[in-house]
Every structure is written in C-alpha cells, then in structure tokens.
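K.L.:
need coordinates for the below:
(2 chains)
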Amino acid sequence: MSALHIAEAHNAHAAHDGEAQTTMGFWIYLMSDCLIFAVLFATFGVLAAATANGPPGRGLFELDFVLGETMLLLLSSFTFGLAMLALKVGDLRRGTGWLVATFALGAAFVGMEVFEFSELAHRGAVPQASAYLSAYFTLVGTHGLHVSFGLLWLAVMVHQIHHFGLTPVTRRRLACLSLFWHFLDLVWICVFTFVYLREFA
Amino acid sequence: MTASQAVASHGSLKTYTVGLTLSMLLTLASFGAVMLDVLPRQMRLPVIVTLCIAQLLVQLIYFLHMGSAQSQGSNTGIFVCTAFLIAIVIAGSLWVMHNANLNMMPMQLSPAQARAKE
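P.N.:
Numbers count the residues shown, from 1 in each chain, chains lettered A, B, ... in the order given. So this is what the prediction gives:
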C-alpha cells in the first residue's frame, strides 16, 4: 500500500468519524428539544383545569380534524423513510420525489393547524382568554413551528441535492433532517393523546 | 457499523411499512377508544396513555431505528437518560403544583373580578 493510499484511507476514516460525531451531536440537540417539550407538557398539565371561566377544550376541538392531521404527519414520516431508502441506493429522482411528497404532507399539516388556530380565535378561544389556552397555544404552536422549520430545511435539502448531488455533506445533513422529522412525530403522538384525546376521555 | 449509519440508514422498505401500519392502527385505536362509545369512562385515560406509550416505542424502533445493539448503545443511553429527566420534570411539576393547589386558600375570582381589584 502506498503512502497516498494510506492517507486516503485515513481521510475517509476521519470523514466517517466526523459524520458519526455530527449525528450524535444532533441526537443530543434533539434530546434537549425533548426537554423543552417536556417542560411545555408539564406546564400544560398543571394548567389543564385553569380555564378561568373561558371555554374548555372539550367544546373547542374537533377530533376528526385532529385525526386527519395525525394521519398526514404519520404518512409524511413514511414518505421520508422511502426518500432515504431511494437516496441510499443513489436514485436521486425517486428520492427527491419522495422528499417533495414529504414536504407536501408536512405543509398540509401546518395548513390544517393554522386553519384550526384561526377557527379557535374566531370563537374567542385566544391565548389570553385563560391560562389553559395560553399553555395550549404555546405547546401546540411550538410543535407547529418545529414542523415549519423542518419544511424550510426540507426545501433547502431538495435544492442542495439538485445542485450538489449526493455528497458526504448532503448525506449527513439528510441523516440529521430524517432524525428531526421522525422526532416531530413522537412529539405529536404525545400532543394528540394528552392535549386532544384526554379532553374527551 | 458506526452510530450514524445505525441511526440514519438502518431501515428497509419492510421496517418502514410495518412501522407505518402499526402507527396507524394504534392511532385509530386511541381515537376509537375516545370517539366510539365502547369503553367505560374510567377506562379511557389508562387505555389512551398505554396506546401512546406503545406508539412511541413503535416509532422509536421502526422509524428512528433505536435498539440495544452495540452501535446504537450511546444514542439509546442518551435517550434513556433524557426520558428519566422528562419523567422527573413532568411528574414533579404535577405533584408539586397539585399539592400547592390543595393547600392554598380557595379563591373564587373570575378574571373580570381580578381585573377590577387591581
């Protein structure tokens, strides 16, 4: 083995270690994000009964609507998985197609949430109406903001794949985005259980 | 296999399909438990909490590819640690604030009355 080969092998190894470290670091970021949501859930739990003569959630939420939102988010996680599988074997066209599908599903979810919030505001259920509604809008809104930033990131990645192809850098970024996207699903499962369904249980 | 590969690209079409199917079934079960009148009232909350935990596990295993294998050990370890912190934060807040509410003087003030007093 020539010195050049050894150097190349060493560089490839270093790049690999760097990627492992990046993913691990991103995972730690996700866990800290988890703690943010934990605190918001705790706040919501404490204030769940503090409706201050304002409207309780029972009369405000439409469960069919929430079920629709949930299905969109679950499907988007699946299409993201398909995108990662296609990109893994180097199929850029199919991979990008699934990423665009994921974007569409995520955008539909955010659209439904914005519609829901505006409906609530229309019926007088604004954040300043009660501590319960403040906690509700903060918790669900923070999740919605995360999904919106995920959409922005998705659009940037589709653009980068189009321009640079699948380089180690774009692969690494996609791996992080994939973790982020699936993580938002986890948070939403807790949201629909403890915010929406608990209200009717 | 490095941790990043284990986390990012461990899936196959089969695991994603199984994950999606299980998630959808569990979601429908949770909504059904509340929306359909089949369960007695006091059973509903325990059932939806159990279904929630089951679905979180399904997603962690099938979408985030978490496992106890050597290569995923550190990610799983960090996650378990975080879950422990989350349990302390949530259980602690609910417990402390519940007791604080019980031991406070009862105040029957509406927001309008409270504003008038200021």
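
K.L.:
C-alpha only now, for contacts and for neighbours.
P.N.:
OK.

K.L.:
distance from the chain centre to the longest helix along chain B, please.
P.N.:
If you go by DSSP state H, chain B has its longest helix at helix B:73-103. For helix B:73-103, the separation from the chain centroid amounts to 12 Å (computed by C-alpha atoms, centre = their mean, to the nearest Å).

K.L.:
list the helices and strands that helix packs on?
P.N.:
If contacts are counted by 3 or more C-alpha pairs under 8 Å, 6 or more residues apart in numbering or on different chains; DSSP states H and E, helix B:73-103 sits against helix A:3-47.

K.L.:
B:A87: neighbouring residues, count only.
P.N.:
For B:A87, the neighbour count with other C-alpha atoms under 10 Å in any protein chain shown is 13.

K.L.:
what's the answer for the one 3 residues further on, then?
P.N.:
When neighbours are counted by other C-alpha under 10 Å, B:I90 registers 19.

K.L.:
pretty sure it sits against A:A42.
P.N.:
Yes - contact criterion C-alpha atoms under 8 Å: B:I90 and A:A42 qualify, at 4.8 Å.

K.L.:
need the residues that contact the helix or strand following the longest helix of chain B.
P.N.:
Counting by DSSP states H and E, the next helix or strand C-terminal to helix B:73-103 is helix B:111-117. The list of residues contacting helix B:111-117 from outside it, by C-alpha atoms under 8 Å, 6 or more residues apart in numbering or on different chains, reads A:A52.

K.L.:
can we see that at 6 Å?
P.N.:
For helix B:111-117, there are no external contacting residues (C-alpha atoms under 6 Å, 6 or more residues apart in numbering or on different chains).

K.L.:
pLDDT averaged over it - what is it?
P.N.:
Average pLDDT, helix B:111-117: 73.

K.L.:
now stretch B:48-65
P.N.:
Averaging pLDDT along stretch B:48-65 yields 93.

K.L.:
and it, which residues are buried?
P.N.:
B:48-49, B:51-52, B:55-65 (16 or more other C-alpha atoms under 10 Å in any protein chain shown).

K.L.:
now for those: which two are most distant?
P.N.:
Farthest-apart pair in those is B:I48 and B:H65; separation 24.0 Å (C-alpha to C-alpha).

K.L.:
out of the buried residues of stretch B:48-65, which sit inside strands?
P.N.:
The subset of these located in strands under the criterion DSSP state E is empty.

K.L.:
just checking, next helix/strand downstream of the helix or strand hosting A:T170?
P.N.:
Taking DSSP H and E as the criterion, A:T170 maps to helix A:168-191. Using DSSP H and E, the helix or strand that follows helix A:168-191 towards the C-terminus is helix A:198-200.

K.L.:
count of neighbours near A:M157?
P.N.:
Neighbours of A:M157 using other C-alpha under 10 Å come to 19.

K.L.:
relative to A:T51, how far out is B:V18?
P.N.:
41 Å (C-alpha to C-alpha, to the nearest Å).

K.L.:
now swap in A:L145 and tell me
P.N.:
24 Å.

K.L.:
so if I had to pick from those two, which one is more boxed in?
P.N.:
Applying other C-alpha under 10 Å to A:L145 and A:T51 shows that A:T51 carries more neighbours, namely 16 against 12.

K.L.:
I'd guessed the more buried one sits against A:S130; true?
P.N.:
Yes - between A:T51 and A:S130 there is a contact at 5.2 Å, judged by C-alpha atoms under 6 Å.

K.L.:
quick check: neighbours shared by these two?
P.N.:
In terms of C-alpha under 6 Å, 6+ apart, A:T51 and A:S130 are not both contacted by any residue.

K.L.:
check what pLDDT residue 3 gets.
P.N.:
I'll assume chain A. Confidence score, pLDDT, at A:A3: 57.

K.L.:
you looked at the wrong chain, it should be chain B
P.N.:
On the pLDDT scale, B:A3 gets 42.

K.L.:
B:A69 too?
P.N.:
Looking at B:A69, its pLDDT stands at 68.

K.L.:
for the one 10 residues further on, same thing?
P.N.:
We note a pLDDT of 89 for B:F79 in this prediction.

K.L.:
A:T96 versus A:F80, what's the distance?
P.N.:
From A:F80 across to A:T96, the span is 10 Å (C-alpha to C-alpha).
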